[in-house]
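Peer 1: A predicted structure for the sequence below; I have some questions about it.
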Amino acid sequence: MYSTLANTVRAAKEINLTPVVPAITGLKGRMVFVEYPLLVFTYNYKTRFIHTYELLQHLNSHKYENYTEHRFRSLVVGPVRDEGVLIVSSSAGYKLPCSTRGIYNF
C-alpha cells in the first residue's frame, strides 16, 4: 500500500503544477497535503493521526492559498480521496492506513 501511495506522489510531482485553468489551482495544496502524511508515515509514525490544525498550518505556510477548515476539506481532502488516495480520518485527525484493519476502522 505504501509503494502505491509513494508512486502516486512521484507521478503527481512530474506533472507541471503551474495552474493553466483556475479549476486546478488547488493542485499544489493537494500535493503538499499528500506529502505531509506520507512523511509522517515514512518515519515510522504509522499510528499517529495528524490533526486538521497541524495540516492547515503546514499548508498555509506554503502560501499557495490560505485554507480555512471548510476549504481544506472541500478543495484538498475531497479531491485527493476522489483520486483514489486512501486517507483515514477521525476526530483525532488524518493518517495513512497501515493495514487492512485501519481501512476497516475508517
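Peer 2: Received the coordinates, thanks.
Peer 1: For the rest of this, base every contact and every neighbour count on C-alpha atoms.
Peer 2: Fine.
Peer 1: Could I get the full set of strands for this structure?
Peer 2: In order along the chain, the chain carries the following strands (DSSP state E): 88-90, 93-95.
Peer 1: got the contact list for residue 60?
Peer 2: By CA atoms under 8 Å, 6 or more residues apart in numbering, residue 60 lies in contact with 66, 67.
Peer 1: returning to what we had before: export the strands of the chain as TSV, with columns for distance to residue 43, mean neighbour count and mean pLDDT.
Peer 2: Converted to TSV, the strands of the chain look like this (distance: least, CA to CA, whole Å; neighbours: other CA atoms under 10 Å; pLDDT from 0 to 100):
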stretch	distance to residue 43	mean neighbour count	mean pLDDT
strand 88-90	18	16	87
strand 93-95	13	19	88
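Peer 1: Minimum distance to residue 28: which of the ones you listed has it?
Peer 2: Judged by CA to CA, the one of these that comes nearest to residue 28 is strand 93-95, at 18.7 Å.
Peer 1: Mind giving me the packing neighbours of that closest one?
Peer 2: Judged by 3 or more CA pairs under 8 Å, 6 or more residues apart in numbering; DSSP states H and E, the packing partners of strand 93-95 are helix 27-42, strand 88-90.
Peer 1: Show me where this protein has its helices.
Peer 2: 2-14, 27-42, 52-61, 69-72, 78-82, 100-105 (DSSP state H).
Peer 1: Hmm, residue 59 and residue 33 touching each other?
Peer 2: Yes. Using CA atoms under 8 Å, residue 33 is in contact with residue 59, at 6.8 Å.
Peer 1: roughly how far apart are the residue lying closest to residue 72 once chain neighbours are set aside and residue 99?
Peer 2: What sits nearest to residue 72 in space, not counting adjacent residues and going by CA to CA, 6 or more residues apart in numbering, is residue 56, at 7.4 Å. According to CA to CA, to the nearest Å, residue 56 and residue 99 sit 26 Å apart.
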